[in-house]
Each structure stands twice: as C-alpha cells, then as structure tokens.
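Chemist: Sharing a model prediction with you, sequence too.
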Amino acid sequence: MRLYLSSYRLGNHTDQLMRLVGSGRNLALIENSIDDIPMPDREARRTNTYDIKANLEELGFNVTNLDLRQYFGKPRQLEEDIQAQDVVMCTGGNVFLLRRAMKQSGFDKILKDSLENDLFVYSGWSAGMCVLAPSLKGLELCDPPNTLAEGYDSEIIWDGLNIIDKALVPHYHSDHHEASLVEKIAKYYEVRDIRHTTMRDGDVIIVEDDKTSFLSLEEGKPSRFNLDKKTIQRMINQTP
C-alpha cells in the first residue's frame, strides 16, 4: 500500500510523491468532492485561483479526469478503466459528497483491493484524505453532510473507508478559511478520545506498506502549488 496524503493541495513534499510513484506517470484525478459547485464556477476557480491539473502536468504527469458519476452502477467498467493508472488522486471539497461518489461507483471497494495489491499510489488532500478514516463523524462540523449534486443518493454515509486507523484533521493552525472549523473537529475528537492526527497546510503523511511517515511543512521545500495565483504574483512583484 502506498499513500501520499496532504493537508492542502500537493503539500511541501512532491519529491516524495514522485519517489513513491517511480517511473509511472499516469494519474487519474477525481474531483467529485466539488460536484456541488456549478461547472462555470469551477472553471473560473481553475482560471483565477488554482489549476491542479496544470500543476500535476508540470510535474510530468499524464492527467486524466476521472468522473465517478460516469460509473454510478458500473463498478466493473471503473475497475477496467483504472487499471492503467499509476496514481489516483482525490481533491479537497465535501467529504460526504466524495464518499457518496465512491460508494455509488464502487470505487470504495476497488480502492481497497487495489491498495492491498499495490496497483497504484493513492493520493488525496483534505476531503481526499479524510475519507480514508474509520468514520466521518465529526467532519459535519465543517462539511455539510446533506450536500448533494445531480445523480447522488441522499443517504448520508458516516462510515469512512477504514484504510487508515485514525482520523486526520487538515488545515490545523493554518491560514485557511476553514481553520476555525477544523479546530472544532479536533476538539470533538479530543473530548471523545478518538485517535486523530492534526495536519497543517504543507504537512504530508506517507504510508508505505506498514511504515508511516509524517513530514512537516518545515522539512519540505515550500511549494508554489499551495499558493493561489494572486499570492504568487505578489511574491514575484516583491522579489528584488
């Protein structure tokens, strides 16, 4: 099993992602966690704020957008189509929406089997990593669990994928618009004595078989992939 889990976007350790992947460069990008955002707004965000596909292509990946909605009720087709991938990456967004997409497409079971047989690297940030925990309880303090999009079942799925044995709390003590909400999630876990790990934006967790490594943001090279375009431009203008 190979996992590359980041609090926010690609984190400060993309060199470790490349090491995990090896020579493979095919990457399936799953963005179903933001299916509640209308397509025009999503495209505007890619243009003005952050384009994950473009950044992954800069790293040398051949990126394919994998929309799990196209596989609702078609798990065999999804299993076939995902075999050519070296990395499968799930982005941030609403964790409950992502969990629904995983169940309705059969990706939840495919992912477990694929990781057990080490068929590809799984990477995820924010919702894309939180969904791996045993339970999603507590995350409703940040992500509305009733969030839906066309084609989605209304049932709330509280069970996580149980691929990792603890909850992960992203954006902790970070300059992120959800930082105050995740403080409440961390407190929720503390009060109930639920095993969890808090992560600041830039932090990365790597799992290789039975070995787990926590890489802090200070240990890595600050990545412009974590910055929006306006911030990048401001930094360029301030450079002597």
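Modeler: Looks like it arrived, so ask away. Residues are numbered from 1 along each chain as shown.
Chemist: For the rest of this, base every contact and every neighbour count on C-alpha atoms.
Modeler: Noted.
Chemist: Break down the protein into its helices, ranges please.
Modeler: Taking DSSP state H as the test, the helices found in the chain are 14-21, 39-48, 52-58, 75-81, 95-105, 107-116, 127-130, 179-191, 229-238.
Chemist: Quick check: closest non-adjacent residue to residue 84.
Modeler: The spatially closest residue to residue 84, leaving aside those adjacent along the chain, is residue 26, at 7.2 Å (C-alpha to C-alpha, 6 or more residues apart in numbering).
Chemist: Tell me how far that neighbour lies from residue 210.
Modeler: Using C-alpha to C-alpha, to the nearest Å, we find residue 26 at a distance of 25 Å from residue 210.
Chemist: the more surrounded of the two?
Modeler: Taking other C-alpha atoms under 10 Å, residue 26 and residue 210 do not tie; residue 26 has more neighbours (18 against 7).
Chemist: Let me see the contact set for the more buried one.
Modeler: Going by C-alpha atoms under 8 Å, 6 or more residues apart in numbering, residue 26 touches 61-64, 84-87.
Chemist: Closest one to residue 146 out of the residues you listed, please.
Modeler: Residue 146 lies nearest to residue 64 out of the contacts of residue 26, by C-alpha to C-alpha, at 28.5 Å.
Chemist: Run a quick neighbour tally on residue 185.
Modeler: Using other C-alpha under 10 Å, residue 185 is surrounded by 22 other residues.
Chemist: Per-residue pLDDT of the nearest residue to it once chain neighbours are set aside, please?
Modeler: Leaving aside its chain neighbours, residue 185 sits nearest to residue 138 (5.8 Å; criterion: C-alpha to C-alpha, 6+ apart). Model confidence at residue 138, expressed as pLDDT, equals 98.
Chemist: Tell me how far residue 138 lies from residue 145.
Modeler: Relative to residue 145, and taking C-alpha to C-alpha, residue 138 is found at 10 Å.
Chemist: Which of those two has more residues huddled nearby?
Modeler: Neighbour totals were compared for residue 138 and residue 145, and residue 145 leads with 20 against 17 (other C-alpha under 10 Å).
Chemist: For the nearest residue to that one once chain neighbours are set aside, grab the count of nearby residues.
Modeler: Of all residues not flanking residue 145 in the chain, residue 96 sits nearest, at 5.5 Å (C-alpha to C-alpha, 6+ apart). When neighbours are defined as other C-alpha under 10 Å, residue 96 has 28 of them.
Chemist: ditto for residue 179
Modeler: Residues near residue 179, counting by other C-alpha under 10 Å: 17.
Chemist: Need the helices of the chain in TSV (columns: distance to residue 160 and mean pLDDT).
Modeler: As requested, the helices of the chain are exported to TSV (distance: least, C-alpha to C-alpha, whole Å; pLDDT from 0 to 100):
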stretch	distance to residue 160	mean pLDDT
helix 14-21	24	95
helix 39-48	26	85
helix 52-58	25	94
helix 75-81	19	97
helix 95-105	8	98
helix 107-116	9	97
helix 127-130	8	98
helix 179-191	15	96
helix 229-238	33	42
